[in-house]
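S.K.: can't give you the sequence, but here's the structure:
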């Protein structure tokens, strides 16, 4: 059998099937061993091939694309440490449930663990962090092997996409010579030209008896709350707000629940709980008998403490991905069922209820808290909290807001309030790393109308390389760089009370002028003077292409003091209200 | 038992033992979960704590230190994707046999796989790529547990250092609160204050009978060659050159064998084989009956082909690490024995031999080849080949030369000729990646007199973040950036004959002005005009601290043509000589 023909037929069948499963985007890092796959992919007119030299950034870039298009994205690299550089994004993809198809080229078996160059052990390279690993057969063009490679392809894409979505890894051994034979018939399939095997992945659901029992359980409790963490299903907002009305329960909506922005009803949506649940009186006042929780654990530590304190309440957790999202081991009922379907179905079992005083209490405390955000709202100097407080106003309709981890995501939680713009809020909350944030945001920006990334200086630094994608593909991205010259979050942690090595180990100032980096990637760097300046610059550049970085310089200690002053003052108001109201 | 006391005593015992095993350097990436270990480490006066925000760079930086000091270096990071960022350097450490002690902080068991923030499955995170993994017990301060943690520490350091050296991974679960209790007695040990357990790792050796038999085997063959790949043992050069004299065999010395520079005898050292073994007549002329090989497989593809062609020759491979370094499956005798000891011992079994015509043939062809490097030597324009041809002359005595992968390492192999300066030559040749090169070189530079890094633009770009270490620690490094705006090596591969998507997939020009990046890290950027300029600038800045980047701009196609012209012309001379001489 001719080597080149086998190589070409096998890979072309794989790539054709990949496109037929619905894959539209692949991020390729240059390398030699991956040559046949890369060259065939570049020939396919329906495949968007994005090149990214740094594999770490490449994988995060793919993650960002997949987060937006909600379909598997493929990544391809050569053998060796190239593949190891994918690891951080793979781990993030696993925990944030994002479908990735990881394709690594490998030396053939006879060159493995024999001291050959650029040969590393790639079998199960990512361990438990992929949903499926397959060591592929060597390329052959027999009918059986073409069926095999097409089946594996369809299966890999289906496993990646099935709930909970995540990464899969196919390792391809390729022998030299590596050049495929490219011709016009490359993607013509003789057998089943519309796709070899279609996979129908079902949603998890529970039976009617269970729905009935849960409806009775909830109906019997007036003091109930719905907690929504990170959830990306577009149908969820409508379904859960209807359920909330039927139950008369407030919805405690994490910013990543997509419930703080949108066109759905905001009547029962409580969003400033991260502030008021820090207050002991509020927590006592609002004690629930039952908790119904959807999505990942919310960001708010105050909310987590509140849920822990109420461990005697019934706590129901619904997870369409069938994982175990219960870090405090509080759950009384774990319900593996698609979340939107669960809400829609449950409503049909519920009778209408009289308005509840308990729901009103939540709304009042929430309104009071928002009304008392003056210490943040009235800050005239640049401030991290206020940035998020006014961000919804400043963003254009239909924007995507991507938020870095550490301090920004927490400030988002505290200060990004309900608004009826269509703003999609994104973050890397699978493993909450600061790595790969720029690249993930850029991947998301590629298929978003207008993407704003807010992140700290260490997070920006960690993935500076990622900006190359914006330069090479002229991606439009707006980056609000909150530069407090170091790790701002540590000022809020007990570490800060031990000054001796604090700056060395935790503050870690880099003293970098990021303007240099931004210019290297042909971006616009704008050092923000004041709020008006930021607003003006954001307005002016919204439609413009390329990278815009707005640097907002803050001070770590001052930021901590601002937050503490705010929490102190609002806490007083909440206590007054709660004690007066009882 | 008081939590803070347990935490502190356990970690302090670990850190004390770590220093007692001889660890002097630890590279710490900031994070919260790793706080107790980081804070205790920072208190130890005998431990150099280096902070590096980007864990990928951090691990390579540690790798570079370990490569120079030849002792285990520790790295510490927090839980989550931080740890995944270590993976590329761990893989490189494994295959290049560099001792690393990887310390990852983790959530305690009750927070794992429960949807807790920043908790990922860290058990066996690096799979087969570490020599040992241990999931540590929770901190306790009982005598038993202090003995346990000290034993594990000593054992980890010993395993990392034992041949073949490599990475080990200890995963530490820490519960909150994370602040240790720091006092003056922190590192005082009640039991065995000089070290809990000393580990004596033996060297591999073979018995006298085997030595005798091998000596007889070699003595019976006049046509023998010694091949030396990457090897770092300082005693090896002396031992192998003596063996070569006793056997009358030429030494084919890879640039990483450390045999092309130094104060040892160069009499039998043949270093231009990568050029002349491309010539068929030379390969036929120099056919060996026996090959004795040490170290990793050499870089030269021409040499690999030569060894393959001579598969009927006896091929003896000596490996003190006991691995299998034989990608072409040619070995007739695999000898697991310390290389320097093997040479020294074997010499005692050999009688002196008459000078051999075969050895002379190798030397003549080698001399002829070097004498015919005029097409490279006489280039007036900046050129990649000529850079390495004259590099030994330009480097100061006692310099360390760190060379990037892809084209630079191959040009080093072809054009870096014998010289009696003391120049240490380094590269990341475990997995041959282009990642982490800047950081590894910086780690090496930290403990080197004068380090020169030569690398291409993609390699430089891949690890730009690494430069932060030079800025923060004012490390002196000289970087010769060979900027051919893309992946130069692909112009030499069959991919280059398929122009359609060549630039997209392989050429991958980034069109970056690196001056911006260098300035961001407070470095000096010098765009080199001509050879004189480079020589002058290198001389001038040799003693100066900080980052110096000398950008040598070349063109990929022109570079390929220069190489091909040279190989063509020298090949003609070699054929003439061989045919005339026969």
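M.R.: Arrived safely, thanks for sending. Everything numeric in this text was worked out from a predicted model, so none of it was measured.
S.K.: check which helix or strand the spatially closest residue to residue A:404 that is not a sequence neighbour maps to.
M.R.: Excluding the flanking residues, the one nearest residue A:404 by C-beta to C-beta, 6 or more residues apart in numbering or on different chains is residue A:455, at 2.9 Å. No exception for glycine: its C-beta is placed from N, CA and C like everyone else's. Residue A:455 is part of strand A:451-456 when elements are defined by DSSP states H and E.
S.K.: what helices or strands is that strand leaning on?
M.R.: strand A:400-403, helix A:407-415, helix A:437-446, strand A:477-483 (3 or more C-beta pairs under 8 Å, 6 or more residues apart in numbering or on different chains; DSSP states H and E).
S.K.: need the winner for burial among these.
M.R.: helix A:437-446 (a mean of 30; mean count of other C-beta atoms under 10 Å in any protein chain shown).
S.K.: hmm, residue A:154 is touching residue A:194, no?
M.R.: No: the pair residue A:154 / residue A:194 is not scored as a contact, 11.8 Å apart, by C-beta atoms under 8 Å.
S.K.: export the helices and strands packed on strand A:451-456 to CSV and tack on distance to residue A:72?
M.R.: Listed next are these as CSV, based on distance: least, C-beta to C-beta, whole Å:
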stretch, distance to residue A:72
strand A:400-403, 20
helix A:407-415, 26
helix A:437-446, 13
strand A:477-483, 23
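S.K.: just send these back as TSV, with distance to chain B too.
M.R.: Listed next are the helices and strands packed on strand A:451-456 as TSV, based on distance: least, C-beta to the nearest C-beta, whole Å:
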stretch	distance to chain B
strand A:400-403	15
helix A:407-415	10
helix A:437-446	11
strand A:477-483	13
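S.K.: would you list the ones you listed in JSON lines and tack on mean pLDDT?
M.R.: Putting those into JSON lines (pLDDT from 0 to 100) gives the following:
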{"stretch": "strand A:400-403", "mean pLDDT": "98"}
{"stretch": "helix A:407-415", "mean pLDDT": "97"}
{"stretch": "helix A:437-446", "mean pLDDT": "98"}
{"stretch": "strand A:477-483", "mean pLDDT": "98"}
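S.K.: compare those and give me the one nearest residue B:318.
M.R.: Proximity to residue B:318, assessed across the helices and strands packed on strand A:451-456 by C-beta to C-beta, is greatest for helix A:437-446 (44.9 Å).
S.K.: looking at this, residue A:74 is in a strand?
M.R.: Yes: when classified by DSSP: H, G, I helix; E, B strand; the rest coil, residue A:74 is found to be part of a strand.
S.K.: ok, what's across the strand from it?
M.R.: In this entry, residue A:74 is beta-bridged to residue A:26, residue A:101, by DSSP bridges.
S.K.: surely it meets residue A:29?
M.R.: No: in this structure, residue A:74 is not within contact of residue A:29 by C-beta under 8 Å, at 11.9 Å.
S.K.: which residues touch the residue nearest to residue A:70 when sequence neighbours are not counted?
M.R.: Nearest residue to residue A:70, sequence neighbours excluded (C-beta to C-beta, 6+ apart): residue A:232, at 7.4 Å. Residue A:232 makes contact with A:67, A:70, A:258, according to C-beta atoms under 8 Å, 6 or more residues apart in numbering or on different chains.
S.K.: got it, and residue A:89?
M.R.: Contacts of residue A:89 by C-beta under 8 Å, 6+ apart are A:56, A:59-60, A:62-63, A:100, A:436, A:440.
S.K.: identify the farthest-apart pair in these.
M.R.: A:56 and A:100 (13.6 Å).
S.K.: hang on, the earlier thing: mind listing the residues bridging to the residue nearest to residue A:404?
M.R.: residue A:481.
S.K.: show me what from the stretch 351-500 of chain A comes close to chain B.
M.R.: A:429, A:431-433, A:435-436, A:458, A:461-462, A:464-465, A:468, A:471-472, A:487, A:489-490, A:493-495, A:497-498, A:500 (C-beta under 8 Å from any C-beta of the partner chain).
S.K.: torsion angles phi and psi at residue A:134?
M.R.: Taking degrees, to the nearest 10, you get phi -130, psi 130 for the backbone angles of residue A:134.
S.K.: quick one: low-confidence ranges for chain A?
M.R.: In the prediction, chain A carries residues with pLDDT under 70 at positions A:1, A:581-582.
S.K.: now with 90?
M.R.: A:1, A:352-356, A:543, A:580-582 (pLDDT under 90).
S.K.: ranges for the strands of the stretch 251-400 of chain A?
M.R.: Secondary structure of the stretch 251-400 of chain A (DSSP state E, counting those that start in this stretch): strands at A:251-253, A:269-270, A:290-294, A:314-318, A:333-335, A:400-403.
S.K.: for the ones you listed, which one ends up most surrounded?
M.R.: strand A:251-253 (a mean of 29).
S.K.: who are the packing partners of that strand?
M.R.: Using 3+ C-beta pairs under 8 Å, 6+ apart: strand A:251-253 touches strand A:224-228, helix A:236-247, strand A:269-270.
S.K.: tell me which strands it pairs with, and in which orientation.
M.R.: strand A:224-228 (parallel), strand A:269-270 (parallel).
S.K.: contact partners for the closest residue in space to residue A:491 that isn't next to it in sequence?
M.R.: Closest residue to residue A:491 apart from its sequence neighbours, by C-beta to C-beta, 6+ apart: residue A:560 at 4.2 Å. Residues counted as contacts of residue A:560 (C-beta under 8 Å, 6+ apart) are A:488, A:491-492, A:496.
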